[in-house]
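[1] My questions concern the predicted model and sequence given below.
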Amino acid sequence: MRSYDKYFRENRLPHMWCPGCGNGIVMKAIVQAIEAKNLDQDKTVIVSGIGCSSRASGYMNFDTLHTAHGRAIPFATGIKLANPELNVIVITGDGDCTAIGGNHFIHGARRNVDLTVILFNNNIYGMTGGQASPLTPLGKKATTAPYGSVDRPFDPCHLAEAAGATYVARSTAYHVKHLSDMIFQGMGNKGFSFIEAITQCPIAYGRKNKLGDAPEMLKWMSETAVMKAAYDKLPEEKREGKFPIGVFYNSEFTEYTTAYQKVIDLAGGAR
Amino acid sequence: MGNIKLMQGNEACAEGALAAGVRFFGGYPITPSTEIAESMAVMLPKVGGTFIQMEDEIAGIAVVLGASLAGKKVLTATSGPGFSLKQELIGYAAIAEIPLVIANVQRLGPSTGQPTSPAQGDVMQARWGTHGDHPMIALSPWTVKESFEVAVKAVNYAERFRTPVIILLDEIVGHLREKVELPDAKDIEIYPRRRPDCSREQGYEPYRPAADLVPNVADFGTGNRIHVTGLVHDETGFPSGSPKVTEESIRRLHQKIEIVQDEITHYDEFFMEDAEYAVVSYGGTARTAYAAVLEARNKGIKVGMVRLMTIWPFADKIVKKVANQVKAILVPELNYGQLVNEVERAAGGKAKVKLLAKYNTEIFTPNEICTAIEDLTAEVAD
C-alpha cells in the first residue's frame, strides 16, 4: 500500500485513459502535492470541466465535481466563496480552459480567488478524437487541421500572469517530482495559482504528428524543457525549440474571499 | 402593520429570496432584471452572505451552482438573452439535482429585441430551453407583493425537490412599484435543506432517492466525499452507461415533480361560479385581464377568469375544469402565442380557445381585452 493510495477511489480504477496517456502521471503528481501539503481530505474539493483530463475528478477520493465544458473555474469560485475554509483544486484541459472556458480562466485569475488550477496540456482535444485546441502548436496536425494548424496558440502561462494570477508555473509529465513541487507551491499561494502540466497524448496527437509513442514523447519533454533559471541565461538562438519550466511568476495580492470579507465587515454583516 | 414599503417587483423578488434564506447571488447585469442583482449586492453582505458579479451569464449560473453544492441557498437573475445563455447549466442543475432559483424578467425578443419593453416571450423557453428531457417548475407573479411570495416559494421548492426553479417575471411586474406589506420573518415558512440520513460507513449514497423520490445529496465539505456530474449517474453519483439506469434516472427526475403537481399548482379563480366565458392569464397581463373582465361583467357578459401563478408544470386540471364549464376561453399573451397552445391541449376541444396576441412593446389595455371578450361571445353565438 502506497502512502497516497487513500487519495484514490480504488473502486473507480482502472482509469479510462488510453495506453501511454500522461494524465495519470499528472493526477499522481497532484495527490502527492496534496499529501505533502497534508490537506484535509474532507475539506478539499476537486472541480473539473469536460474532456479527458477532467475525468480525473471521478478517480480522486474527495468531494469531487465534474462540471460542464469550460465551466470548472466559476463553479470552483462559487464553492470557495460559499465556504472559504475548503481547499479548492481545479483540473482542466487545454480546450476546456483556454477555448470554451477562456473567459472564465482570465476572470478567475483577475479576481485572485484562492484556487489551484492545474491545466493538463496535451495540445489536442483527446476525448472527441483529436481536434485542434488553442494550445495546438502552429503547423501541427489535427483532425480539424489536416494540413497543419494555422491558428496561433496561446502561451497559457503568459495569459494567466497578464490576467492577474498570483502564482504561475509550468512542468511536464516527464519531470514528475518537479511537477508535484510546482503544484505544492501553488497550493501554498493564497490566491489564484495556475500550473500548466505538459502531458503526452500519443493516440490522438502524437500518432498524427509522428511524435512516436509515449516514451518518445516523454523523452522529447526531457530534452526540450529547460529549468527557468537556465533558460533565462540562454542566448536567443539557443532557445529555439526549447521551452522553460519552473515558477514564472509569484506575487502578493489580496485574495478574493479576504477582500469580500471586508465588504461584509463594511456592511455590518457576519458570516 | 409592521413592514410597509413602496417597492418594485424586482426588489420584492430579492427581498423574498433573502427572507427564504438565500445567502449567495451570482449574476451578470441585464435589463430589465438588474435591480435584483443591485438589491442583492446591498443586502447580502449585511447578513454575511455573498454577492458576486460574474464575467458572463454562464459564469453567473455556474458560480451559484458551486455555492449551492457548498451549502448555500442561491439565486441568479437575468432576462431573455441571458436566459438563453443560462440554459446550458439549467440542465446541469436538473440532472445533478442542485437547488437553484433563476429569476427571468422577460423582455421582448428574439435576440437583443426590445430591451426595456415588456413581453411574455420566454414561456416555452422556460419549459424547454435546455436540451433533453427534464422537469421544470416556473412561477409567475402578477403583483409586487406576490413577487416576494413567489421568491419564497421558489427557494423552498428548489431546496425541497433539488431542482432548478424559474421565477418568470415580466418587465411589467418587475418594474412596477406598489405598496407592499412584508410578512414578519416568523410568518415565513422556510424549507431547510435536508442532510444525509446516514454516514459513508453506514452505506450513504448521495443519489439514493428518499420516499419523495428526492435524494439527500450532502453538501461539499461535510466529510461524505461525493461525486457530482452532469453525466447520467446511478445512486452512487458516478456515471453509468446502462440503459436501465438511464431510463430510471430520467423517469425519477420527472416523477419527483409529477407526484407533487397538485400541491405546487397555484392559481386564482375570479367570477367563475356562473361563468360562460373565461379568460386564462398570467403575470403582468393578468392585471389588465382582470380589469377587462370587470368591464365585461358590467356589460352583462358572464365571464370569469383563471390567473395562473404556476406556469410549469402546466395547470391541466383547472383548465380542463374550466373548459367543461364555459363556451370559450380567451388567452391574452404578450407574445405570438405560447401558453395558448397548452390551454388548447388541456381544454381538449371542450371549449373554443382563442388567442389574443400582442408583441409590439406595448401592454394590453383593458379595452382591448374587453373587446376581445365581446368578439368571442359574438363568434360563439354565430
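    Now that the structure is in, tell me what you want to look at. Note that the structure is a prediction, hence the values are computed from the model and not measured.
[2] Find the residue closest to whichever residue of the stretch 51-200 of chain B sits closest to chain A in space, skipping its chain neighbours.
    Residue nearest to chain A within the stretch 51-200 of chain B (C-beta to the nearest C-beta): residue B:66, separated by 2.6 Å. In this view, the C-beta of every residue, glycine as well, is placed from N, C-alpha and C. Excluding the flanking residues, the one nearest residue B:66 by C-beta to C-beta, 6 or more residues apart in numbering or on different chains is residue A:78, at 2.6 Å.
[3] so that neighbour is in which element?
    Take DSSP states H and E as the rule and residue A:78 turns out to sit in helix A:72-82.
[4] Mind exporting the C-alpha coordinates of that helix to PDB?
    Extracted C-alpha coordinates of helix A:72-82, given in PDB (Å, rounded to 0.1, in the frame of the first residue of the first chain):
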ATOM      1  CA  ALA A  72     -14.900  24.500 -13.800                       C
ATOM      2  CA  ILE A  73     -13.500  27.800 -12.600                       C
ATOM      3  CA  PRO A  74     -16.800  29.600 -12.000                       C
ATOM      4  CA  PHE A  75     -18.200  26.500 -10.200                       C
ATOM      5  CA  ALA A  76     -15.000  26.400  -8.100                       C
ATOM      6  CA  THR A  77     -15.300  30.100  -7.400                       C
ATOM      7  CA  GLY A  78     -18.800  29.600  -6.000                       C
ATOM      8  CA  ILE A  79     -17.600  26.700  -3.800                       C
ATOM      9  CA  LYS A  80     -14.700  28.800  -2.400                       C
ATOM     10  CA  LEU A  81     -16.800  31.900  -1.800                       C
ATOM     11  CA  ALA A  82     -19.600  29.900  -0.200                       C
END
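[5] What's the local residue count around residue 189?
    Since you didn't name a chain, this refers to chain A. Other residues near residue A:189 come to 22 when the count uses other C-beta atoms under 10 Å in any protein chain shown.
[6] you looked at the wrong chain, it should be chain B
    9.
[7] do the same with residue A:198
    27.
[8] can I assume it is in contact with residue A:220?
    No. Counting by C-beta atoms under 8 Å, residue A:198 does not reach residue A:220; the two are 9.8 Å apart.
[9] related to what we said a few turns ago, what's the spacing between the helix holding residue A:78 and its chain's center?
    16 Å (C-alpha atoms, centre = their mean, to the nearest Å).
[10] got the CA coordinates for the next helix or strand after that helix in PDB?
    Following helix A:72-82 in sequence order, the next helix or strand is strand A:87-93 (DSSP H and E). The C-alpha trace of strand A:87-93 is given here as PDB (Å, rounded to 0.1, in the frame of the first residue of the first chain):
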ATOM      1  CA  ASN A  87      -9.300  23.800  -0.400                       C
ATOM      2  CA  VAL A  88     -10.500  24.000  -4.000                       C
ATOM      3  CA  ILE A  89      -8.400  22.400  -6.800                       C
ATOM      4  CA  VAL A  90      -9.400  22.700 -10.400                       C
ATOM      5  CA  ILE A  91      -8.400  20.200 -13.100                       C
ATOM      6  CA  THR A  92      -8.900  21.300 -16.600                       C
ATOM      7  CA  GLY A  93      -7.600  20.700 -20.100                       C
END
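[11] other SSEs contacting strand A:87-93?
    helix A:23-37, strand A:44-48, helix A:72-82, strand A:115-121 (3 or more C-beta pairs under 8 Å, 6 or more residues apart in numbering or on different chains; DSSP states H and E).
[12] Tabulate these in CSV, adding columns for mean pLDDT, mean neighbour count and distance to residue B:357.
    As requested, the helices and strands packed on strand A:87-93 are exported to CSV (pLDDT from 0 to 100; neighbours: other C-beta atoms under 10 Å in any protein chain shown; distance: least, C-beta to C-beta, whole Å):
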stretch, mean pLDDT, mean neighbour count, distance to residue B:357
helix A:23-37, 98, 22, 54
strand A:44-48, 98, 28, 45
helix A:72-82, 98, 30, 38
strand A:115-121, 98, 28, 48
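[13] Does the lengthiest strand in chain B reach chain A?
    Counting by DSSP state E, the longest strand found in chain B is strand B:100-108. No. Using C-beta under 8 Å from any C-beta of the partner chain, strand B:100-108 never reaches chain A; the gap is at least 11.0 Å.
[14] Contacts only, for the residue lying closest to residue A:12 once chain neighbours are set aside.
    Leaving aside its chain neighbours, residue A:12 sits nearest to residue A:59 (5.2 Å; criterion: C-beta to C-beta, 6+ apart). Residue A:59 makes contacts with A:8-9, A:12-13, A:15, A:27, as judged by C-beta atoms under 8 Å, 6 or more residues apart in numbering or on different chains.
[15] Now do the helices in the chain.
    Since you didn't name a chain, this refers to chain A. Secondary structure of chain A, counting by DSSP state H: helices at A:23-37, A:72-82, A:94-95, A:102-111, A:156-163, A:176-188, A:214-224, A:228-233, A:236-239, A:256-267.
[16] meant chain B, my bad for not saying
    Using DSSP H, helices in chain B cover B:9-19, B:34-43, B:57-69, B:80-96, B:123-128, B:144-161, B:171-175, B:243-258, B:261-264, B:283-298, B:316-325, B:339-347, B:366-381.
[17] Can I get those helices in TSV including mean pLDDT and mean neighbour count?
    As requested, those are exported to TSV (pLDDT from 0 to 100; neighbours: other C-beta atoms under 10 Å in any protein chain shown):
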stretch	mean pLDDT	mean neighbour count
helix B:9-19	98	27
helix B:34-43	98	21
helix B:57-69	98	30
helix B:80-96	98	23
helix B:123-128	98	20
helix B:144-161	98	25
helix B:171-175	97	27
helix B:243-258	98	15
helix B:261-264	98	13
helix B:283-298	98	22
helix B:316-325	98	18
helix B:339-347	98	20
helix B:366-381	97	17
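[18] Output these in a markdown table; the columns should cover distance to residue A:139.
    Formatted as a markdown table, those follow (distance: least, C-beta to C-beta, whole Å):
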| stretch | distance to residue A:139 |
| --- | --- |
| helix B:9-19 | 53 |
| helix B:34-43 | 46 |
| helix B:57-69 | 33 |
| helix B:80-96 | 34 |
| helix B:123-128 | 44 |
| helix B:144-161 | 50 |
| helix B:171-175 | 53 |
| helix B:243-258 | 42 |
| helix B:261-264 | 58 |
| helix B:283-298 | 57 |
| helix B:316-325 | 61 |
| helix B:339-347 | 54 |
| helix B:366-381 | 65 |
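[19] The ones you listed: which one's closest to residue B:136?
    If you check each of the helices of chain B against residue B:136 by C-beta to C-beta, helix B:123-128 wins as the nearest, at 5.3 Å.
[20] List the residues that contact residue 206.
    Assuming you mean chain A. Per C-beta under 8 Å, 6+ apart, neighbours of residue A:206: A:200, A:212-214, A:216-217.
[21] The intended chain is chain B.
    Residues near residue B:206 by C-beta under 8 Å, 6+ apart: B:196, B:215-218, B:224, B:226-228, B:235-237.
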